[in-house]
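Undergrad: What follows is a predicted protein model with its sequence.
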Number of protein chains: 4
Amino acid sequence: MSDEQDAIRVAVLGARGRMGAEVCKAVDAATDMKLVAAVDQGDALADLADAGAQVVVDFTTPDVVMDNLRWCVDQGIHTVVGTTGFTEQRLEQVRGWLADKPGVGVVIAPNFGIGAVLMMQFAARAARYFESVEIIEQHHPGKLDAPSGTATHTARLIAAARAEADLGPVPDATKDEVAGARGADIDGVRVHAVRATGLVAHQEVLFGTTGETLTIRHDSYDRVSFMPGVLLAVRAVPTRPGLTVALDPLL
Amino acid sequence: MSDEQDAIRVAVLGARGRMGAEVCKAVDAATDMKLVAAVDQGDALADLADAGAQVVVDFTTPDVVMDNLRWCVDQGIHTVVGTTGFTEQRLEQVRGWLADKPGVGVVIAPNFGIGAVLMMQFAARAARYFESVEIIEQHHPGKLDAPSGTATHTARLIAAARAEADLGPVPDATKDEVAGARGADIDGVRVHAVRATGLVAHQEVLFGTTGETLTIRHDSYDRVSFMPGVLLAVRAVPTRPGLTVALDPLL
Amino acid sequence: MSDEQDAIRVAVLGARGRMGAEVCKAVDAATDMKLVAAVDQGDALADLADAGAQVVVDFTTPDVVMDNLRWCVDQGIHTVVGTTGFTEQRLEQVRGWLADKPGVGVVIAPNFGIGAVLMMQFAARAARYFESVEIIEQHHPGKLDAPSGTATHTARLIAAARAEADLGPVPDATKDEVAGARGADIDGVRVHAVRATGLVAHQEVLFGTTGETLTIRHDSYDRVSFMPGVLLAVRAVPTRPGLTVALDPLL
Amino acid sequence: MSDEQDAIRVAVLGARGRMGAEVCKAVDAATDMKLVAAVDQGDALADLADAGAQVVVDFTTPDVVMDNLRWCVDQGIHTVVGTTGFTEQRLEQVRGWLADKPGVGVVIAPNFGIGAVLMMQFAARAARYFESVEIIEQHHPGKLDAPSGTATHTARLIAAARAEADLGPVPDATKDEVAGARGADIDGVRVHAVRATGLVAHQEVLFGTTGETLTIRHDSYDRVSFMPGVLLAVRAVPTRPGLTVALDPLL
């Protein structure tokens, strides 16, 4: 579906996994990309080079991703990584490899949802202007942790922005509380976790000041919601040498 | 502003209080009512009878309301009461007085907000059809109790409806919870209390089942929101002899 | 998964269609039902009887559904129909068949979403208490009609309830309108149709009166959301002889 | 309530108007400001200078504001203006006066609601990442224009951001529309205007892309909601010589 000349030549690693399969479909449907290889366990990495891949997208597993990345960097192939498990130590190792290959770009992101990333950016930016803020996240009842990682991360970003603006504690006159009613306290920001059948993944950040409130809400209905973020990274990585962590800098 | 013949002749007790003053304005503006007396501390109750009041609205205080009510019932004047502090014992006493005055009606309601009453009715009715339900109430940060009385009452209505339909516990796989994240447990229904400057009084009941959610939300912006409920009671009380507790039966 | 003795014996017609396949899965998963036949084009209707079906669920097409229904009624098998295209004339014909089979029940519903049905019931019930009301429906951008059939139906229910309560027109001082801003006028109720990628099927009914609003919102994320309604009808139809149109009377 | 040394000395012009009176109260309550003069029609402007005002806040009328501003600039007093009616021609005139007074700052803003300003900023910033976007604004039924000025302005900001990102038209398969259902078309962005008793001033911007939506919502309950923005401008104007139009650059 893409012009042979200009299209970005993309290969997918972990192509038979749930996310990898979605990436193959998304690349295939993008008018400015060409899917040149779909590789999974048992296939040779050399296939990627033979296919002339300019960008590799890796949605594999923590135990193989470092070998994949090292090989791609050595071959001078830009890489977008959605595989989890990147510690600061692993990131440092990748930076080391890239130091020897100044033209190569790697984007590693824990969350490719553009909406979620923007929600967090906007929340961090709005925080200093509102004396009150609370987070309400809503997920399906099969979720094991409460609050969600995204909610906790958002609360920390907000708490940091408030501290920098010398805001002091959120006003709260509560004296008589049934345990838990006021939510979890994450760095001084109250976070409420709702669980209900039918829900997928939703989060609302509510800011309040005299006479007005500002609400930033993200609703994710499907894992395909990550595809626009993956494609954005694929388009950006060839012109971003070195390591980029998280989607934020690309937005 | 109303036709002298048909208009309901209304007197207000506690007319200089915040709520009483609003009632005077609302009665005055209603095309089917006529404000015939506005009485407060220091005025004589006899003024009500002299003015030919058919319905008295009482927004006074717990220490004087029983005397007011007794006098009105004795005079055969229908009464709508918004004053708080009615225990079961007090209600029983009123029922006793009314037994001797079979034509007289008294409506005593803790909450004249029609929207809030409907929200609770709908929540109780929907409860049996959804395996999940949670309540999120949102108020200004000066509120002392969490969750609100309305939220607690709603949770109890829902819990009762679920028990009657043999629904069992709401599904929840949470294993790793920061204390408070999952809200307060009111009879098995999770209730979250949000507090933020700018908010007034809001409540959301979220029901979930496979692939769908139903949300019932009430937003109260102002104490004038109680006036339609007061007027509704004024219109209804002449044809409802005996004691009516809460606005529900009038809806 | 069900006790052989008590389980309702269910057969599905149109079992290979999108909805029919979901019904098969849902019946299979229900602990109080047993899927005894899954029939589609090319299969014989006699299979249903041979399998001892007590209830048939029909999600076929308008051109075959009347033959299916006739056959089921003749065999004394209760039927739940989700197939569309039922005119008043067709309903009359079904009533005629059922007149000769007094013990047989048929439920024909255009929408098996319990949440959607409750939303409409609550909207109709709340209508008389609020001077203002508007509907905002939100769907994916591939939808051909605007507003949705459900929104139009809801608006008509509300309009009828307002008329019965002598409410008069909704207040609206708009003098300077960019064409379309105030939505479509359905029997005097303004309806707004939002279309956006990422959305599935959502509807909000907003009621307003002095100082307060009441919002009833339904979110449907998936066609599996119809399954609880189908199962509800399967459970109810054996004890509801004659024709039942829409899910409402079962709630 | 403020330390005599450090407090900003503030005077209010139009102090007996609705907005001016609120500003007096807000300045009085701010711990880092001191209200030194409250001036209205009939009072002499010289009072402002006599009182040693460092910053003047002007909420007067279009016919007197230019004289006020000229006088303040001449006296070297920084000014924050909420009075409406500033054409490009008037702004040019103010720039001329300020050219001769390089140390003086003037902030002229049509909307001091911080939440509204942030909503517009975030909407403009998010626009390029979502193929779909619609605006739903909700106001009390006494409002004369539909959509609101803020909604129209937001739509234009979004349309400009989409054009810059070469996004093309929003997807919409609607074929069968009841007139108005799809809202007003403002530069290709659909805007829906809801009117209901009980509402004050609310706006929601809904962005959608594959599998996810992002919603930015602003609720304004009261004209006091403008006070934090006015105070922000008062604090900023002494260090912003020249003319600043709108609150945006201060955030």
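TA: That came through, no problem.
Undergrad: just the strands in the stretch 101-250 of chain A please.
TA: A:105-108, A:132-139, A:145-146, A:176-177, A:184-186, A:189-195, A:201-209, A:212-220, A:242-245 (DSSP state E, counting those that start in this stretch).
Undergrad: could the ones you listed go into a markdown table alongside mean neighbour count, distance to C:His192 and mean pLDDT?
TA: All C-beta atoms are positioned from the backbone trio N, CA, C, and that covers glycine. Shown next, in a markdown table, are the strands of the stretch 101-250 of chain A (neighbours: other C-beta atoms under 10 Å in any protein chain shown; distance: least, C-beta to C-beta, whole Å; pLDDT from 0 to 100):
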| stretch | mean neighbour count | distance to C:His192 | mean pLDDT |
| --- | --- | --- | --- |
| strand A:105-108 | 24 | 40 | 97 |
| strand A:132-139 | 25 | 24 | 98 |
| strand A:145-146 | 22 | 35 | 92 |
| strand A:176-177 | 12 | 39 | 94 |
| strand A:184-186 | 19 | 37 | 98 |
| strand A:189-195 | 26 | 27 | 98 |
| strand A:201-209 | 25 | 22 | 96 |
| strand A:212-220 | 25 | 19 | 96 |
| strand A:242-245 | 17 | 41 | 95 |
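Undergrad: could I get those as TSV with distance to B:Gly208?
TA: Shown next, in TSV, are the strands of the stretch 101-250 of chain A (distance: least, C-beta to C-beta, whole Å):
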stretch	distance to B:Gly208
strand A:105-108	35
strand A:132-139	9
strand A:145-146	16
strand A:176-177	26
strand A:184-186	21
strand A:189-195	9
strand A:201-209	11
strand A:212-220	14
strand A:242-245	35
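Undergrad: which stretch among these comes nearest D:Gly242?
TA: Closest to D:Gly242 of these, according to C-beta to C-beta: strand A:201-209, at 27.9 Å.
Undergrad: Run me through the strand neighbours of the closest one, direction for each.
TA: In the sheet, strand A:201-209 lines up against strand A:132-139 (antiparallel), strand A:212-220 (antiparallel) (DSSP bridges).
Undergrad: so where's the stretch 1-150 of chain A uncertain?
TA: For the stretch 1-150 of chain A, residues meeting the criterion pLDDT under 70 lie at A:1-5.
Undergrad: mind listing what the closest residue to chain D within it touches?
TA: Nearest to chain D in the stretch 1-150 of chain A, going by C-beta to the nearest C-beta, is A:Gly115, at a distance of 4.1 Å. Going by C-beta atoms under 8 Å, 6 or more residues apart in numbering or on different chains, A:Gly115 touches A:218-220, A:225, D:129-130, D:207, D:209, D:212-214.
Undergrad: go with 6 Å
TA: For A:Gly115, the contacting residues are A:218, D:212, D:214, by C-beta atoms under 6 Å, 6 or more residues apart in numbering or on different chains.
Undergrad: Show me which residues of the stretch 51-200 of chain A sit near chain D.
TA: By C-beta under 6 Å from any C-beta of the partner chain, the residues of the stretch 51-200 of chain A that approach chain D are A:114-115, A:118, A:122, A:126, A:129.
Undergrad: Leaving aside the residues adjacent along the chain, what's closest to the residue of the stretch 1-150 of chain A found nearest chain C?
TA: At 8.4 Å from chain C, A:Gly115 is the closest residue in the stretch 1-150 of chain A, using C-beta to the nearest C-beta. Leaving aside its chain neighbours, A:Gly115 sits nearest to D:Leu214 (4.1 Å; criterion: C-beta to C-beta, 6 or more residues apart in numbering or on different chains).
Undergrad: Would you mind confirming that that neighbour makes contact with D:Phe207?
TA: Yes - using C-beta atoms under 6 Å, D:Leu214 is in contact with D:Phe207, at 4.5 Å.
Undergrad: before we move on, the earlier item: going through the residues of the stretch 51-200 of chain A next to chain D, which ones are buried?
TA: A:114-115, A:118, A:122, A:126, A:129 (16 or more other C-beta atoms under 10 Å in any protein chain shown).
Undergrad: Of the residues you listed, which is the nearest to A:Phe59?
TA: A:Ile114 (17.0 Å).
Undergrad: Find the residue at the geometric middle of chain A.
TA: The residue lying closest to the centre of chain A (C-alpha atoms, centre = their mean) is A:Asn111, at 1.6 Å.
Undergrad: Can you report phi and psi for that residue?
TA: The phi/psi pair for A:Asn111 (degrees, to the nearest 10) reads phi -150, psi 120.
Undergrad: From A:Gly96, how far off is it?
TA: In this structure, A:Asn111 and A:Gly96 are 25 Å apart, going by C-beta to C-beta, to the nearest Å.
Undergrad: again, but for A:Leu206
TA: Distance, A:Leu206 to A:Gly96, by C-beta to C-beta: 43 Å.
Undergrad: With A:Val104 instead?
TA: According to C-beta to C-beta, A:Val104 stands 13 Å off from A:Gly96.
Undergrad: ok, these two, which is more surrounded?
TA: For the pair A:Val104 and A:Gly96, the greater number of neighbours falls to A:Val104 (22 against 11), based on other C-beta atoms under 10 Å in any protein chain shown.
Undergrad: for the more buried one, what are its contacts?
TA: A:73, A:76.
Undergrad: The same query, at a cut-off of 8 Å, please.
TA: Contacts of A:Val104 (C-beta under 8 Å, 6+ apart): A:73, A:76-78, A:98, A:241.
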